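Chemist: Generate coordinates for the sequence data below:
(one chain, ligands or ions: 4)
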Amino acid sequence: MRCITLTPVISQTIKCRAAVAWEAAKPLTIEDIEVAPPQAHEVRIKILYTGVCHTDYYTLSGKDSEGVFPVIFGHEGGGVVESVGEHVTNVAPGDHVIPLYTAECRECKFCKSGKTNLCGKVRATQGRGLMPDETSRFTCKGQQLFHYMGCSTFSEYTGTYSSFPVPKDLVRPVLNDCIISFSLPVKSPVVADVSVVKINPKAKLDSAALLGCGITTGFGAATRTAKVEEGSTVGRRECGCVGFGLVAIFGMGGVGLSVAQGARLNKASRIIAIDTNPKKEKLSREMGATDFVNPLDHSNTPIQQVLIDMTDGGLDYTFDCTGNVQVMRAALEACHKGWGQSIIIGVAAAGQEISTRPFQLVTGRVWKGSAFGGVKGRTELPGLVEDYMEGKIKIDELITHRFNLDDINLAFDAMHGGDCIRSVISFQ
Ligand SMILES: NC(=O)C1=CN([C@@H]2O[C@H](COP(=O)(O)OP(=O)(O)OC[C@H]3O[C@@H](n4cnc5c(N)ncnc54)[C@H](OP(=O)(O)O)[C@@H]3O)[C@@H](O)[C@H]2O)C=CC1
Ligand SMILES: N[C@@H](CCC(=O)N[C@@H](CSC=O)C(=O)NCC(=O)O)C(=O)O
Ligand SMILES: [Zn+2]
Ligand SMILES: [Zn+2]
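Modeler: Ligands and ions are numbered 1, 2, ... in the order given. This next block holds a predicted model:
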């Protein structure tokens, strides 16, 4: 029998400021809120920076079937652990961390499958805006506020779920003043954190925060979900393209630009960026695109046909980064017969459905989806932060706007201005 001593941190309710969405499709308001101390297996984080993702706007718009109000949005943040609840072992106060909307408990059937980065541990309560004990840590003016995607990074302080509970039969707590000793048999499982990951404190946190969603999603979709192959002479086509590394990306926002980065890293032979906004061409090329196509310049020809003609039969990989179901169809149909894969990344509004002729699939095209780029947050995100620090993943270049919390609504306005890739909100 081995004895591990855990010292609980006695923390108090914190009063701080947060951007609150009281109802759908209305501007956020900056409020004084209360954040309760972290409970067992939970972490309270002082958020220093947060990005604003298209998905925050989507849920605010009221089109998300899981949307609940009043809520504190934000899921692309970076901060420092302020305090931890009992049984939290993998992060400690002072650690630089990124909250994870895709948890990784390493214990559930999803985590153990080796087939997916989705985790079943906290997803159900997370989708209902609650912590795993079915309650919220946020209040404002006496009213409970909901959490968002397990992160709620539009708050100076936020709570996130951290640890896999210690199985009750393995724990014998002994109360001795403020010290609680837990006796764990030597073969007891390691207590694992699930929705937060510690990162290199030397990383610039304003940029690293964006690895909490958009950048990782796009980069991972290319490198993990599609596993884009290096162009090789094996699949050389009449168009002169070197196969099988032909990629097309629909929608060159923060996500699409990051798909381009992943495809370039994997040595794709041709990367075609498609966007209705011509302002996206310059940055698309800087992130790896070899071609830029504006569908509005081809109004008489379906975009899938334009692409098939450009590539002697279609793409090896296509990615939807728009959330538009018509675009998703075009992306599938632009794939090469026999092997082309189309990856859906974009999030479509409640009630929207995709369709195509089954013949498209019968003849070998594959439709896949990707959440958080197929990346396992706790295992892989620290490495992606290192990739950023070594210059392998570009993030600074994608930050086009910066605001203080008071001006967070301007970040949502900027999203529709045509020249915004990512806004970063600073809490300092
Ligand atoms: N699966 C996942 O894990 C994740 C999914 N998402 C989803 O991915 C999508 C992209 O996110 P993000 O990059 O932040 O969004 P952005 O809005 O920044 O980027 C989308 C881009 O697509 C362009 N676009 C719109 N319609 C078309 C069209 N018909 N053809 C080509 N381009 C078009 C937009 O142009 P314009 O600006 O002119 O409208 C914009 O440049 C969203 O749906 C988001 O919710 C995001 C993160 C994670
Ligand atoms: N509540 C939404 C879910 C939309 C969705 O697909 N979200 C992505 C992440 S989007 C990040 O910006 C995701 O990870 N999906 C997997 C999951 O388990 O949610 C809806 O119902 O539309
Ligand atoms: Zn997001
Ligand atoms: Zn799990």
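Chemist: Residue 79 is in contact with residue 46, correct?
Modeler: Yes: using Cβ atoms under 8 Å, residue 46 makes contact with residue 79 at a distance of 5.1 Å. No exception for glycine: its C-beta is placed from N, CA and C like everyone else's.
Chemist: Please state the backbone phi and psi of whatever residue of the stretch 1-150 of the chain ends up closest to ligand 2?
Modeler: Among all residues of the stretch 1-150 of the chain, residue 55 sits closest to ligand 2, at 3.1 Å; criterion: Cβ to the nearest ligand atom. Note on residue 55: its backbone torsions stand at phi -70, psi -30 [degrees, to the nearest 10].
Chemist: Look up how far residue 231 lies from it.
Modeler: To residue 231, residue 55 is 32 Å away according to Cβ to Cβ, to the nearest Å.
Chemist: which stretches of the stretch 201-350 of the chain form helices?
Modeler: 205-208, 214-220, 254-265, 281-286, 303-310, 325-333 (DSSP state H, counting those that start in this stretch).
Chemist: In JSON lines: those helices, plus distance to residue 423.
Modeler: JSON lines is the format used below for the helices of the stretch 201-350 of the chain (distance: least, Cβ to Cβ, whole Å):
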{"stretch": "helix 205-208", "distance to residue 423": "11"}
{"stretch": "helix 214-220", "distance to residue 423": "11"}
{"stretch": "helix 254-265", "distance to residue 423": "10"}
{"stretch": "helix 281-286", "distance to residue 423": "15"}
{"stretch": "helix 303-310", "distance to residue 423": "29"}
{"stretch": "helix 325-333", "distance to residue 423": "24"}
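Chemist: and residue 247, which of the ones you listed is closest to it?
Modeler: In terms of Cβ to Cβ, the element of the helices of the stretch 201-350 of the chain nearest to residue 247 is helix 254-265, at 4.5 Å.
Chemist: What helices and strands are in contact with that closest one?
Modeler: helix 214-220, strand 246-250, strand 270-274, helix 281-286, strand 317-320 (3 or more Cβ pairs under 8 Å, 6 or more residues apart in numbering; DSSP states H and E).
Chemist: Pull out the buried residues from it.
Modeler: 254-265 (16 or more other Cβ atoms under 10 Å).
Chemist: So which residues on the stretch 101-250 of the chain come close to ligand 1?
Modeler: Residues of the stretch 101-250 of the chain found near ligand 1 (Cβ under 6 Å from any ligand atom) are 213-214, 217, 250.
Chemist: Kindly recompute the last result at 8 Å.
Modeler: Counting by Cβ under 8 Å from any ligand atom, the stretch 101-250 of the chain comes close to ligand 1 at 102, 213-214, 217-218, 221, 250.
Chemist: Identify the farthest-apart pair in these.
Modeler: 102 and 250, at 22.8 Å, using Cβ to Cβ across those.
Chemist: Give the residue from these two that has the larger number of neighbours.
Modeler: Ranked by neighbour count (other Cβ atoms under 10 Å), residue 102 and residue 250 place residue 250 first, with 29 against 26.
Chemist: which residues touch residue 113?
Modeler: Residues near residue 113 by Cβ atoms under 8 Å, 6 or more residues apart in numbering: none.
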